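K.L.:
just coords:
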């Protein structure tokens, strides 16, 4: 079983781009404890096809290049299948969700996405939207971060891979969370003594890579999650999480706290942390 990644508290309570370069061999991390991604994603697609998959007309060349690039990275022989969109085939090879970003009239636009582990968004709502529409709810994104992100997208060269990490706490251990409504509806039923088992740290790793032939960008999203009780077995990370949570509940974490909907969880999280 692949271990969960370490929790890092540095600036974890603030909205920032936080992209860092990675090497080619770090592009995807090993398959984790959720089993064969092809099997898992096929089941999710069968149950919720409109929520986990979407594409716009004209996106197939970029999808095909993403598939070619990923197959080459994994050392697989090129395989095509006209029955399945190329980006869906690519997503079946890795644990990550895959998003194709391409230039459009409104700026960089999500033109295809395979989302089998989304955190409160879906392909139905997101595909076809520009960056400003995708990240509008993020406090300050369109005012301050959007121009910087757009410049990064414009300037990224074919030999540079970037990654960033993010986190939240949610009242669900499910991977597939296209809507926040049922998760937040479950929060009032959680008793303090249950919080360590019913609240989950949800960690997210994103990567960004240029598609040199078609000019788009492949954006990947990998999710891990574990109950707060697991922190008891990870002493160093428990302290890192405490620092991050204190930052969220402090003045500098106000925007992060509001956007993530974490304020109502504070008593439960602190009760759980006191037992760890």
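P.N.:
Yep, that arrived. Note that the structure is predicted; figures quoted are calculated from it, not measured.
K.L.:
can you give me the strands for the stretch 101-250 of the chain?
P.N.:
Under the criterion DSSP state E, counting those that start in this stretch, strands of the stretch 101-250 of the chain are mapped to 107-114, 161-170, 200-210, 217-227.
K.L.:
Adding mean pLDDT as columns, could you present the ones you listed in CSV?
P.N.:
CSV is the format used below for these (pLDDT from 0 to 100):
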stretch, mean pLDDT
strand 107-114, 97
strand 161-170, 92
strand 200-210, 95
strand 217-227, 96
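K.L.:
Not counting sequence-adjacent ones, nearest residue to residue 266?
P.N.:
Among residues not flanking residue 266 along the chain, residue 249 sits closest, at 5.8 Å (CB to CB, 6 or more residues apart in numbering). Placement of C-beta: from N, CA and C, glycine included.
K.L.:
Can you give me the neighbour number for the one you found?
P.N.:
By the criterion of other CB atoms under 10 Å, residue 249 has 18 neighbours.
K.L.:
rewinding a little: between the strands of the stretch 101-250 of the chain, which one is nearest to residue 257?
P.N.:
strand 161-170 (10.5 Å; CB to CB).
K.L.:
Now do the buried residues in that closest one.
P.N.:
161, 162, 163, 165, 166, 167, 168, 169, 170 (16 or more other CB atoms under 10 Å).
K.L.:
Contacts only, for the fifth one.
P.N.:
Spelled out, that is residue 166. Applying CB atoms under 8 Å, 6 or more residues apart in numbering, we find residue 166 in contact with 203, 204, 206.
K.L.:
coming back round to it: and the buried residues of strand 161-170, which is closest to residue 32?
P.N.:
residue 165 (15.3 Å).
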